[in-house]
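In: Dropping a prediction and its sequence here:
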Amino acid sequence: MQFYDGQHSSQILKLYFDDQSPETCESIAELISNHLEDMGGPNHFLGAILMIDDRCAAVAYVLHYPGRIALLTGPRLFERSPASTDYLKKRNELAIQMCQALASMASQRWDLELLQASQLSTCKAELACLGLAGFVHLADLNHLEARPQRPLVGPEIPDKNLADGWRLYDSADRELFTQWLEATYSNTMDCPLMNSLRTIESTMAGYLQTAHSKHARKHLSSSVPLPQWWIKPQTIDSQSGSNQTVILAGYMLTVIAPQIWELTYMGIADGCRQQGLGHETIAQAMHQLRQLQAESVYTYVDEKNIPAMKLYRRYGFEKIAQWTSLYWPKRLAT
């Protein structure tokens, strides 16, 4: 097997996504190229190719993100026709070693706090490979998609901004925003294990880099402010008698390609739930996506978060796939 940095990312991506359309491959390559430029160069990419008898048997890669976080994509295992038992056994054993090597190299090179991996839940052989390599199950995520411009038969999405208290995030909000994020993680039903695996500082660093990325600005008019994070702050009376500002709810939007957006995060602060803020927040998000002329928006939701799934469905989101998320235990990183 051979290992590569970002200077060879196009070779890795061409192999990994050779079953996708040329347009999809080009879009992914552009996204990763822009990400590496934002991060500071090709050293923030690690790829591996496994060859057996001069033919590609497996491929995988790791992308480094701000805040000591990285994501392993893969492995993708290649079949042969006819597939012999000896080939499959050798391929799987070597692919396990490849994933272990990538995880160890990434953890040491970037001093990682969290290394995640994700696979379509239908890719049983690939998931087995990750499990045998030492990755631990984190959550099963439903991949949801909606069309903001499509009329809904159900809840009405207002044509005007739900102006009561909603405004764009500003850099001066960072401390307040961080407090809100922590409050939304409390008693959450969405990937609760994640909260013990990363710090709030790493999470914020990743969100900020993505929101201000070269890729995002390339696909947006200069008149569209970044980040597209909307919050609902409220001033309340504290126990000491002085006024205190808190954020009740908020959401984050990330542009992926022209007219394609991701609802990166939506959260209600613990203590503010069950008051209709979830409906208000997603209605506000869908309204903003229409203003941004988004044709499609997607998001990921823990399959165990039944209330969130019901809410998204009411606003036109449909499940298009399921992903299994895993993480590399820190005890294996040394």
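Out: Received, thanks. Here the structure is a predicted model, which is why all the values come from computation and not from measurement. Numbers count the residues shown, from 1 in each chain.
In: For the helix or strand harbouring residue 205, give me every contacting residue.
Out: Counting by DSSP states H and E, the element that carries residue 205 is helix 200-211. Residues outside helix 200-211 that contact it (CB atoms under 8 Å, 6 or more residues apart in numbering): 38-39, 65-69, 113-114, 174, 177-178, 181-182, 216, 226-229, 252, 254, 264-265. In short, each C-beta sits where N, CA and C put it, glycine included.
In: Figure out the length between the terminal residues of stretch 267-280.
Out: 11 Å (CA to CA, to the nearest Å).
In: Name every sheet partner of the longest strand along the chain and say whether each one runs parallel or antiparallel.
Out: Ranked by residue count, the top strand of the chain under DSSP state E comes out as strand 243-257. Here strand 243-257 has these sheet partners by DSSP bridges: strand 228-237 (antiparallel), strand 260-268 (antiparallel).
In: about what we covered before: please compute how far whichever helix or strand comes after the helix holding residue 205 lies from its chain's middle.
Out: The element immediately downstream of helix 200-211 (helix or strand, assigned by DSSP H and E) is helix 214-218. Put simply, helix 214-218 sits 17 Å off its chain's centre (CA atoms, centre = their mean, to the nearest Å).
In: again with stretch 165-177
Out: 22 Å.
In: First-to-last residue distance for it?
Out: Span of stretch 165-177 from end to end, CA to CA: 15 Å.
In: What are the buried residues along it?
Out: 166, 169, 173, 176-177 (16 or more other CB atoms under 10 Å).
In: again, but for stretch 216-223
Out: 216, 219.
In: What separates the first and last residues of it, distance-wise?
Out: Start and end residues of stretch 216-223 are separated by 13 Å (CA to CA).
In: Averaged pLDDT, that stretch. What do you get?
Out: Average pLDDT, stretch 216-223: 84.
In: what's the offset of that stretch from the middle of its chain?
Out: 20 Å.
In: I'd like to know which of the contacts of helix 200-211 are buried.
Out: 38-39, 65-69, 113-114, 177, 181, 216, 226-229, 252, 254, 264-265.
In: For the stretch 1-150 of the chain, which segments count as strands?
Out: Taking DSSP state E, counting those that start in this stretch as the test, the strands found in the stretch 1-150 of the chain are 2-4, 45-52, 55-65, 69-77, 114-120, 136-146.
In: thinking again about what came up before, give me the angle between the helix holding residue 205 and strand 228-237.
Out: Orientation check (axes from the mean of the first three to the mean of the last three CA atoms, to 10 degrees): helix 200-211 against strand 228-237 gives 140 degrees.
In: how about helix 200-211: buried residues?
Out: For helix 200-211, by 16+ other CB under 10 Å, it's 202-211.
In: quick revisit: right, and the strands paired with strand 243-257 - which one's nearest residue 310?
Out: strand 260-268 (14.1 Å; CB to CB).
In: what's the helix or strand for residue 225?
Out: Of the helices and strands defined by DSSP H and E, none includes residue 225.
In: And for residue 179?
Out: Using DSSP H and E, residue 179 sits within helix 174-185.
In: Quick one: mean pLDDT for that helix?
Out: In the prediction, helix 174-185 has an average pLDDT of 94.
In: can you give me how far the helix or strand residue 288 falls within is from the chain middle?
Out: Taking DSSP H and E as the definition, one finds residue 288 inside helix 277-291. Relative to the chain's own centre, helix 277-291 is displaced by 20 Å; criterion: CA atoms, centre = their mean.
In: now for it, which elements pack on it?
Out: Contact partners of helix 277-291 among helices and strands, from 3 or more CB pairs under 8 Å, 6 or more residues apart in numbering; DSSP states H and E: strand 228-237, strand 243-257, strand 260-268, helix 306-314.
In: same thing but 10 Å
Out: If you count contacts as 3 or more CB pairs under 10 Å, 6 or more residues apart in numbering; DSSP states H and E, helix 277-291 packs onto strand 136-146, strand 228-237, strand 243-257, strand 260-268, strand 296-302, helix 306-314.
In: What residues sit buried inside the longest one?
Out: By neighbour count with 16+ other CB under 10 Å, strand 243-257 contains the buried residues 246-257.
In: Would you format these as JSON lines with pLDDT included?
Out: Formatted as JSON lines, the buried residues of strand 243-257 follow (pLDDT from 0 to 100):
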{"residue": "246", "pLDDT": "91"}
{"residue": "247", "pLDDT": "94"}
{"residue": "248", "pLDDT": "94"}
{"residue": "249", "pLDDT": "95"}
{"residue": "250", "pLDDT": "95"}
{"residue": "251", "pLDDT": "95"}
{"residue": "252", "pLDDT": "95"}
{"residue": "253", "pLDDT": "94"}
{"residue": "254", "pLDDT": "93"}
{"residue": "255", "pLDDT": "90"}
{"residue": "256", "pLDDT": "87"}
{"residue": "257", "pLDDT": "82"}
